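*Asks:* pasting the sequence and the predicted model now:
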Amino acid sequence: MSVGILLISHPGIATAILDNANRIWQQAHTQIDILEVPFDSDAETVHQSSIDKINALDDGDGVLVLCDILGASPCNMTQNDSEHTVIRISGLNLPMLIKAYNYADKTLPELSDLVIEGSTRSILQLP
């Protein structure tokens, strides 16, 4: 068993991040899916799609949901009310997903902490 991962974003973002992560990390996480939310989406339809994807991804260890922008429609429309254990994190980026791949064997809370730490440590002002 392993934690499922759901990437939620505006159109094109999750696909691009997932494609690049899979090129960098050849041993891709198998329990992963994306939900890209068109700008004119119906909130209830998107919400139900997110619940369906969470249901499909959770094999008993929970689901880590990575959203692109805190407060934006994709993140707001996908708040969890499924019966599964879910941790949601905003700020989806490539280092975040690579970190999740590197620590796929961790528990959901451990993975969440590592993903946040890895993502924020990758943001630096360069000389």
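*Replies:* Perfect, thanks for sending it. Numbering: from 1, shown residues only.
*Asks:* in the worst-scoring helix or strand of the chain on mean pLDDT, what's buried?
*Replies:* The weakest-scoring helix or strand in the chain, judged by mean pLDDT, DSSP states H and E, is helix 73-76 (a mean of 76). The neighbour-count check on helix 73-76 (16 or more other C-beta atoms under 10 Å) flags 74-75 as buried. (C-beta placed from N, C-alpha, C; glycine too.)
*Asks:* immediately after it, which helix or strand?
*Replies:* Per DSSP states H and E, the first helix or strand lying C-terminal to helix 73-76 is strand 86-90.
*Asks:* please identify the buried residues of that next one?
*Replies:* Across strand 86-90, burial judged by 16+ other C-beta under 10 Å covers 86-89.
*Asks:* secondary structure element for residue 56, which one?
*Replies:* Per DSSP H and E: helix 43-57 holds residue 56.
*Asks:* and that helix, average pLDDT?
*Replies:* Here helix 43-57 scores 91 as its mean pLDDT.
*Asks:* helices and strands around that helix, which ones?
*Replies:* Under the contact criterion of 3 or more C-beta pairs under 8 Å, 6 or more residues apart in numbering; DSSP states H and E, helix 43-57 touches strand 4-9, strand 32-36, strand 63-67, helix 73-76.
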